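*Asks:* Model the following, please.
(2 chains)
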Amino acid sequence: MKKKFHKLGNKAFQSLILLSAIVLSLFFLIALGNVVWRGLETFPDLLMNPEIGFAVRLSLFTSITATLICVLFALPAAYGLERFRIPFRRFLTVVLNIPLSLPPLVSGVALLLLLGNTGFGEQLSRIGLQFVFSVKGIVLAQFFIITPYMIKVLRSAIAEIDPKLEFVARTLGCSQRQAFFRVTLPLCRNGLFAGIIISWSRAIGEFGCSLMIAGATRMHTETLPVALYLNMSVGNLSTAMGAAVCLILISVVSMLIFETSSSFRKKQGRLE
Amino acid sequence: MIQISDLTKKLGSFCLEEINLSIEKNEYFVVLGPTGTGKTVLLETLAGMYRPDKGHIHIGDRDVTFAPPEDRRMGFVYQDYMLFPHLSVRGNILFGVDHRKVPKARREKKLTEMATLLRLDELLDSYPQTLSGGEQQRVALARALITDPEVLLLDEPLSALDPASKEVFQGELQRIHKETSTTMIHITHDFNEGMLLADRMAVMMDGKILETGKPAEIFQRPKTEAVAAFVGMQNIYCGEVVTRGEGQYFCSGALSLRVATEFSGPAKAAIRPEDIIFAKHKIESSAQNILRGEIREIIHGGTFAKVILDVGETLTILITKQALEDMELEKGKEGWAVFKTAAVHVFK
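*Replies:* Here you go, the predicted model:
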């Protein structure tokens, strides 16, 4: 009798778990599907819409640029924090993680105060780095927001590689730099790829931080999220939906790529 | 020649303490010790993974104590091989050659030489994940040897192999040592492995070197109790050496053994269980130690059994399974232990 009761309890527990997964998925699917459904009606016309075209081009340009710059900084930082005995490592880790938990608007204010009408900002604009109310500002904002993600992903990828591999490479005559480029980098390429995808999709959706520093000027600093916001606020629903559909498509595609690559990595892990 | 003097390294709770070793050119040197005594840390410190806190490492007249690993010319083979998973066997073997500007023809020649030496010709295009343990180990050796290291450091190279592959690989190591005449430092916890391969060996425990010498010396004449126990001398007693009439005796409690030793006074004595003959009845023998006792316990093993005989002190004797059955031994029965004077090793 007691056993039967256990069995029933287990079934109920399993059903509850399954149910919550189904309910959540349905909720997400319906909410986003609704936007896509509405947006698709006017989507073919929107492709001709110069404003959406501009926003797509600007979003692609800024997000790709920000992601590339981010890799240049995040890779050495992640490698250093994971492999070297850096003083204040925990402190540095916390600092580098701050933008993760900070509201993007606050990050934006911080950047604006640093680079606005300050001596430092003016120095930078004298050498051509004018960030406030400019496309460069969007790139900087996106860089600021996505770099912590990239560092996190890269660190966990590097942590999975046995440091002894690099040591063996060095006993075989490699310098530290050669060992990094010939062993560690090729071995963390899947992590790097995942980091790029995840950071890039975050960059393309970045709104709050770039709004603060670069503003929301039509056809100037108008990325896809800005286009959505501007058109929504003036009641131009069809253009707003178009921008939203573009963003949803981008995020679905990047998630698919990420999932495929990570399941590939897991399979590889099992093989080893 | 490799000269290690006063090498000290503290690493967390673990410590290498004033290691002094000198290893001759072309020697096969084995560092023997139980698991967790810091043998790997010793090798890694030699190869440059850690900076020693104190002491020096010289290879010939080069002081390499603080040299980076790439300048030491020490090959390293790990227990778990550490092959580069993103490279084929060919890529792995050529790894140490590829970043030096070696002409293509010479590079290919070296690859062929190594592949032949380690019988890897068929496997050059395979990837490490698809190889057996023994094959991976051979690739790791080839990868280290192709750079012509002055010293090859082997970290428990046989412990991850199954018994059959292990035996084959021991032979391979001997052959490779002979053919390449590279100085080898091999660490292991397996005494038999050391006995078979070593020209000389050192016994390491708790971060210290306890003894250095030829394997037979350490096996038969260990100088400390810890080493005696580690090399399988299961009967170790504390007592004293006394001279009665013409004979020397080692006395410990009720035990009195005939011995031949240069020591007198307080000492320790050790007897290997396989050096003792067990008899059911008193036998005539040239052996001078014949002790009567009662069987306390019989411990069954695969081909051998251990008989624990109470002769005033307990004495562990190794006999074959067959002998155990033939003599119909049982707990509580009487038995005799017979062994020669030479079987008793006396040390301070």
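
*Asks:* Report the helix or strand with the lowest average pLDDT across chain A.
*Replies:* Ranked by mean pLDDT, DSSP states H and E, the weakest helix or strand in chain A is helix A:237-271, scoring a mean of 77.

*Asks:* what about it, distance to the chain center?
*Replies:* 11 Å (Cα atoms, centre = their mean, to the nearest Å).

*Asks:* For that helix, buried residues please.
*Replies:* When burial is assessed from 16 or more other Cβ atoms under 10 Å in any protein chain shown, helix A:237-271 yields the following buried residues: A:239-248, A:250, A:254, A:257-258, A:262, A:265. The C-beta positions use only the backbone N, C-alpha and C, and glycine is treated the same way.

*Asks:* So what does the closest residue to chain B within the stretch 51-200 of chain A look like in phi/psi?
*Replies:* When distances are taken as Cβ to the nearest Cβ, the stretch 51-200 of chain A approaches chain B most closely through A:L172, which lies 3.4 Å from it. Its backbone dihedrals place A:L172 at phi -90, psi 10, with angles given as degrees, to the nearest 10.

*Asks:* Might you report the residue contacts of it?
*Replies:* Residues touching A:L172, when contacts are defined by Cβ atoms under 8 Å, 6 or more residues apart in numbering or on different chains, comprise B:70, B:75, B:95-96, B:143-144, B:147.

*Asks:* Of those residues, which are in range of chain A?
*Replies:* Intersecting the contacts of A:L172 with the contacts of chain A gives B:70, B:75, B:95-96, B:143-144, B:147 (criterion: Cβ under 8 Å from any Cβ of the partner chain).

*Asks:* Which residue is the nearest non-sequential neighbour of B:P149?
*Replies:* Take B:P149 and drop its neighbours on the chain: the residue closest to it by Cβ to Cβ, 6 or more residues apart in numbering or on different chains is B:G75, 3.6 Å away.

*Asks:* typed the wrong thing, it's B:V338
*Replies:* If the residues on either side of it in the chain are set aside, B:V338 comes closest to B:I277, at 4.4 Å by Cβ to Cβ, 6+ apart.

*Asks:* can you list the residues of the stretch 101-250 of chain B near chain A?
*Replies:* Applying Cβ under 8 Å from any Cβ, we find that the stretch 101-250 of chain B lies next to chain A at B:129, B:143-144, B:147, B:149.

*Asks:* taking these one by one, which sit in helices?
*Replies:* In helices, defined here by DSSP state H, the members of those are B:143-144.

*Asks:* Quick check: mean pLDDT of stretch A:147-164?
*Replies:* For stretch A:147-164, mean pLDDT is 95.

*Asks:* Run through the residues that contact B:V89.
*Replies:* With Cβ under 8 Å, 6+ apart as the criterion, the residues that contact B:V89 are B:120, B:123-128, B:131, B:139.

*Asks:* What is the nearest of the residues you listed to A:V183?
*Replies:* Proximity of these to A:V183, judged by Cβ to Cβ, is greatest for B:P128, which lies at 13.1 Å.

*Asks:* show me the contacts for the closest one.
*Replies:* Under the criterion of Cβ under 8 Å, 6+ apart, the neighbours of B:P128 are B:81, B:83-85, B:87, B:89, B:92, B:136, B:139.

*Asks:* Using JSON lines, lay out those together with pLDDT and secondary structure.
*Replies:* Listed next are the contacts of B:P128 as JSON lines, based on pLDDT from 0 to 100; DSSP: H, G, I helix; E, B strand; the rest coil:
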{"residue": "B:Y81", "pLDDT": "93", "secondary structure": "coil"}
{"residue": "B:L83", "pLDDT": "96", "secondary structure": "coil"}
{"residue": "B:F84", "pLDDT": "97", "secondary structure": "coil"}
{"residue": "B:P85", "pLDDT": "96", "secondary structure": "coil"}
{"residue": "B:L87", "pLDDT": "96", "secondary structure": "coil"}
{"residue": "B:V89", "pLDDT": "96", "secondary structure": "helix"}
{"residue": "B:N92", "pLDDT": "96", "secondary structure": "helix"}
{"residue": "B:Q136", "pLDDT": "94", "secondary structure": "helix"}
{"residue": "B:V139", "pLDDT": "95", "secondary structure": "helix"}
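
*Asks:* got the residues you listed as TSV, with distance to A:L68 columns?
*Replies:* Conversion of the contacts of B:P128 to TSV gives the following (distance: Cβ to Cβ, whole Å):
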residue	distance to A:L68
B:Y81	37
B:L83	33
B:F84	27
B:P85	28
B:L87	27
B:V89	35
B:N92	32
B:Q136	38
B:V139	37
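
*Asks:* Just say helix, strand or coil for B:T316.
*Replies:* Assigned state for B:T316: strand (three-state reduction, DSSP: H, G, I helix; E, B strand; the rest coil).

*Asks:* what about whichever residue of chain B sits closest to chain A, how many residues close to it?
*Replies:* Nearest residue of chain B to chain A (Cβ to the nearest Cβ) works out as B:G96 at 3.4 Å. As a burial measure, the neighbour count of B:G96 was computed by other Cβ atoms under 10 Å in any protein chain shown and equals 25.

*Asks:* That one: which element?
*Replies:* Here B:G96, judged by DSSP states H and E, is contained in helix B:89-98.

*Asks:* What are the buried residues along that helix?
*Replies:* For helix B:89-98, a neighbour-count test (16+ other Cβ under 10 Å) marks B:89-98 as buried.

*Asks:* What residues does chain A have near chain B?
*Replies:* Where chain A comes near chain B, counting by Cβ under 8 Å from any Cβ, the residues are A:162, A:164-165, A:167-176, A:178, A:182-183, A:186-187, A:271-272.

*Asks:* Could you tell me which of those residues count as buried?
*Replies:* A:165, A:167-174, A:178, A:182-183, A:187.
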